[in-house]
Each structure stands twice: as structure tokens, then as C-alpha cells.
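Student: Pasting a predicted model and its sequence here:
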Amino acid sequence: MKIKVLGTGCARCKSLEKVTRKAVEEMNLDASVEKVEDIQEIMEYAVMRTPALVIDEQVVLSGQVPKMDQIKDLLTKNI
């Protein structure tokens, strides 16, 4: 599983990255988490609001920082 956190480096973007990494660790998933800060690359996903979460090249969340259980739910649905 390839997970990308899209965001330019704001506090909300960093928070989403942190909670995503923690969820992956707690769930013991075989997944890589990458932080994407390049605005050109973010625009390729047609995301209008950051932070955004991309799982296997599909945008599953944008414009919010969900709670841990919501992240785990998204990860489970996309395994």
C-alpha cells in the first residue's frame, strides 16, 4: 500500500502525516507513507483543499484532519 499525505507544510498537514503514520504502525500494515509538499505534484491530484490523503493513487480525504479511528477506517477500506 502506498500512502501519500499532500500538503505544503502547514500544521494541519503535519498533523495528518503524524496520525497516518501512527495508524499504519498500530495496524501493522505493510505500507509506505510519503509526505508530498510540491505544489505541482499536489495539483496533479486535483485537490482543492489540503491536507489530503491518497491511498494507492486515490484521493480518499481532503481538507480535514480526521481522528485516528477515521484514518484506520479509511486504511481498512482500502487494503
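Tutor: Structure's in. What do you need?
Student: and the residue nearest the centre of the chain, what are its phi and psi?
Tutor: A centroid search over the chain (C-alpha atoms, centre = their mean) returns Leu53, at 2.8 Å, as the residue closest to the centre. Torsion angles at Leu53 (phi, psi; degrees, to the nearest 10) stand at phi -120, psi 130.
Student: which residues touch it?
Tutor: Ile3, Lys4, Val5, Leu6, Leu16, Thr20, Val59, Val60, Leu61, Ser62, Ile71, Leu74 (C-beta atoms under 8 Å, 6 or more residues apart in numbering). For glycine as for every other residue, the C-beta is placed from the backbone atoms N, C-alpha and C.
Student: Repeat that for Ile39.
Tutor: Neighbouring residues of Ile39 by C-beta under 8 Å, 6+ apart: Thr8.
Student: before we move on, what about Val19?
Tutor: With contact taken as C-beta under 8 Å, 6+ apart, Val19 is in contact with Val65, Pro66, Lys67, Met68, Ile71.
Student: Drop anything exposed from the contacts of Leu53.
Tutor: Taking 16 or more other C-beta atoms under 10 Å as the criterion, what is buried in the contacts of Leu53 is Ile3, Lys4, Val5, Leu6, Leu16, Thr20, Leu61, Ser62, Ile71, Leu74.
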